[in-house]
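Novice: next come a sequence and a model predicted from it.
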Amino acid sequence: MKTLATIAITGLMIFSPLACAQNASQAKVDQLMTIMDIKKLFNASMDAMMPVIDQQAQQLGLNSTEKAELTQIYKDWLEQDLDQDYIFRQLGNIYAEAYTDAEMDALIQFYQSPVGQKSLRIMPEIMAKSSQLGMQEAQSKQQQLLNRLQPFFQKHQSK
């Protein structure tokens, strides 16, 4: 009997913190997403895509009119084809699952601070630059990747 009590107490000690660490409430998620102006950030992703579009236009040898047409295709896709409401709901779910209410409060406090506001303002630019950097590095090392992949493809083409 004493063993059962010990097991029960141990189980409570192990699982109690997990039970207390609940997902963030929808109200907290909504508050954070409002402070972050998540829709504006999402729409700024078009600006973050510009280096990719510029590089694609350059690779295709497009003139300025053709580049503008390509840019418009991406813009239309982003604004008309992507279900932004669905994306925002799912993003809210991701935040709710990842953070507790207390953690959300800390994020809210951060994004309301001057540094947090600056982070939100410059995030699209940082994303664009980091995306461009990653793409440039990947392209400069493309031959190494092909060299690594060639034996694999040769090995598996015979199957």
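Specialist: Perfect, thanks for sending it.
Novice: check which helix or strand the residue most central in space within the chain maps to.
Specialist: Within the chain, one residue has its C-alpha closest to the average C-alpha position: by Cα atoms, centre = their mean, that is Leu91, at 8.9 Å. Under DSSP states H and E, the secondary-structure element containing Leu91 is helix 84-98.
Novice: so how far is that helix off the chain centroid?
Specialist: 11 Å (Cα atoms, centre = their mean, to the nearest Å).
Novice: quick one: buried residues of that helix?
Specialist: Judged by neighbour count (16 or more other Cβ atoms under 10 Å), helix 84-98 contains these buried residues: 92, 95-96. For the C-beta atoms, the positions are set from N, CA and C on the backbone; glycine is no exception.
Novice: could you check how far the residue nearest to the centre of the chain is from Ile108?
Specialist: Per Cβ to Cβ, to the nearest Å, Leu91 is found 16 Å from Ile108.
Novice: after the helix holding Leu91, which helix or strand is next?
Specialist: The first helix or strand that comes after helix 84-98 along the chain, using DSSP H and E, is helix 101-112.
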